[in-house]
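In: Turn this into a model:
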Amino acid sequence: MGRMLEVNNLSVYYDNLQAINNVSFSADEGKLIGIVGPNGAGKSTLIKAILGLEKSTNSGISAFEKSIKKARRQIAYVPQRSLIDWDFPVLVEDVVMMGRYIHLPWYKRPSKDDKNIVTEALEKVGMTEFRKRQIGELSGGQQQRVFIARALAQQATLFFLDEPFAGIDVTSEEIIINILKSLREENKTILVVHHDLSKVEEYFDQVMLVNKELIGYGEVSETFKPELLSQTYKGKIKLFKDNDQMMVVGN
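Out: Numbers count the residues shown, from 1 in each chain. Down below sits the predicted model:
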């Protein structure tokens, strides 16, 4: 199984405060990986630092045995919805076309093939009929599906998604998780910052437990355990089993 991502000794500081402490891990191809932890644990900071969007100290981050910068075309990032200016006057199809720009020289306009890729991505997320809408006119779930379509249009191999299920409708969540699972079946690797612990066992192959440092990482069946969760959340959650399913109360 091929190695998709390697992170070694990653730390992030804000002034004198350490947001991420010496995190190391690797991710193989064909894995759907959840990144979970309490609010303020550094989950979003972790993926942004991996992508070079936050300053960090580390002894090496690589994707496909190349630097992140050299592997950029193969990496797609879907940020939190709260970080996006939804009032910007851009159409849905133009947002999705942004996923193609990384493959195009600055002087070249999108080709017929690029436009077909955008159409296919919109079809996959069920947003074809909204392609001429301004992005700010959509619901939260529809907006998230458009940004998933942008990532699909990029035709990446390694995906980072920051809380893609936060504040969206059930239909959109089902569409998105099914797309992520289909990407996994194509041997692509997806890392997802996630907040709903009740869905971890259903959604992910592996889970990363983060609270400024890496508390646990591995197969969900081996890592999503009460003792590690209690350590991650510092005892601020209650855990119990119901028909062999982990249930969580509080945060």
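In: quick check: mean pLDDT across the lengthiest helix in the chain?
Out: Across the chain, the longest stretch assigned as helix under DSSP state H is helix 170-185. The average pLDDT within helix 170-185 is 94.
In: do the same with stretch 128-141
Out: Here the average pLDDT along stretch 128-141 is 93.
In: Other residues contacting that stretch?
Out: Residues from elsewhere that reach stretch 128-141, judged by C-beta atoms under 8 Å, 6 or more residues apart in numbering: 81, 86-93, 95-96, 119, 122, 142-143, 146, 167-169, 171-173. All C-beta atoms are positioned from the backbone trio N, CA, C, and that covers glycine.
In: can you do 10 Å?
Out: 81, 84-96, 118-122, 127, 142-147, 149, 165-173, 175-176 (C-beta atoms under 10 Å, 6 or more residues apart in numbering).
In: Now find how far off-centre it is within its chain.
Out: 21 Å (C-alpha atoms, centre = their mean, to the nearest Å).
In: what secondary structure does the residue of the chain positioned farthest from its centre sit in?
Out: Within the chain, the residue lying farthest from the chain centre (C-alpha atoms, centre = their mean) is Tyr107, at 30.5 Å. Here Tyr107 is recorded as coil under DSSP: H, G, I helix; E, B strand; the rest coil.
In: List only those of the contacts of stretch 128-141 flagged as buried.
Out: In those, burial by neighbour count holds for 81, 84, 91-93, 95-96, 118-119, 121-122, 127, 142-147, 149, 165-166, 168, 172-173, 175-176, counting by 16 or more other C-beta atoms under 10 Å.
In: And stretch 59-71, what's buried?
Out: Within stretch 59-71, judged by 16+ other C-beta under 10 Å, the buried ones are 61-64, 68, 71.
In: pLDDT averaged over stretch 225-236, what's the number?
Out: 86.
In: Can you dump the C-alpha atoms of that stretch in CSV for me?
Out: These are the backbone C-alpha positions of stretch 225-236, laid out as CSV (Å, rounded to 0.1, in the frame of the first residue of the first chain):
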residue,chain,number,x,y,z
LYS,A,225,-11.6,3.8,22.7
PRO,A,226,-13.0,5.4,26.0
GLU,A,227,-9.6,5.7,27.6
LEU,A,228,-8.1,7.6,24.7
LEU,A,229,-11.2,9.7,24.1
SER,A,230,-11.2,10.6,27.8
GLN,A,231,-7.6,11.6,27.6
THR,A,232,-8.2,13.6,24.4
TYR,A,233,-11.2,15.5,25.8
LYS,A,234,-9.7,15.7,29.3
GLY,A,235,-12.7,14.0,30.9
LYS,A,236,-15.2,16.5,29.5
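In: buried ones in that stretch?
Out: Neighbour-count burial for stretch 225-236 [16+ other C-beta under 10 Å]: 225, 228-229, 232-233.
In: Sort out which of those residues are in helices and list them.
Out: 228-229, 232.
In: Break down this protein into its helices, ranges please.
Out: With DSSP H as the criterion, the chain has helices spanning 43-50, 92-101, 112-124, 140-153, 170-185, 200-203, 220-223, 226-232.
In: tilt between the fourth one and helix 92-101?
Out: Read it as helix 140-153. Calculated by axes from the mean of the first three to the mean of the last three C-alpha atoms, to 10 degrees, helix 140-153 forms an angle of 30 degrees with helix 92-101.
In: Let's see helix 140-153 as CSV, backbone CA atoms only.
Out: The C-alpha atoms that make up helix 140-153 are tabulated as CSV, following Å, rounded to 0.1, in the frame of the first residue of the first chain:
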residue,chain,number,x,y,z
GLY,A,140,-25.2,25.9,3.8
GLY,A,141,-25.3,22.3,2.7
GLN,A,142,-25.5,23.4,-1.0
GLN,A,143,-22.5,25.7,-0.6
GLN,A,144,-20.5,22.8,1.0
ARG,A,145,-21.4,20.5,-1.9
VAL,A,146,-20.1,23.2,-4.4
PHE,A,147,-16.8,23.3,-2.6
ILE,A,148,-16.6,19.5,-2.6
ALA,A,149,-17.3,19.7,-6.4
ARG,A,150,-14.4,22.2,-6.7
ALA,A,151,-12.1,19.6,-5.0
LEU,A,152,-13.4,16.9,-7.3
ALA,A,153,-12.8,19.0,-10.4
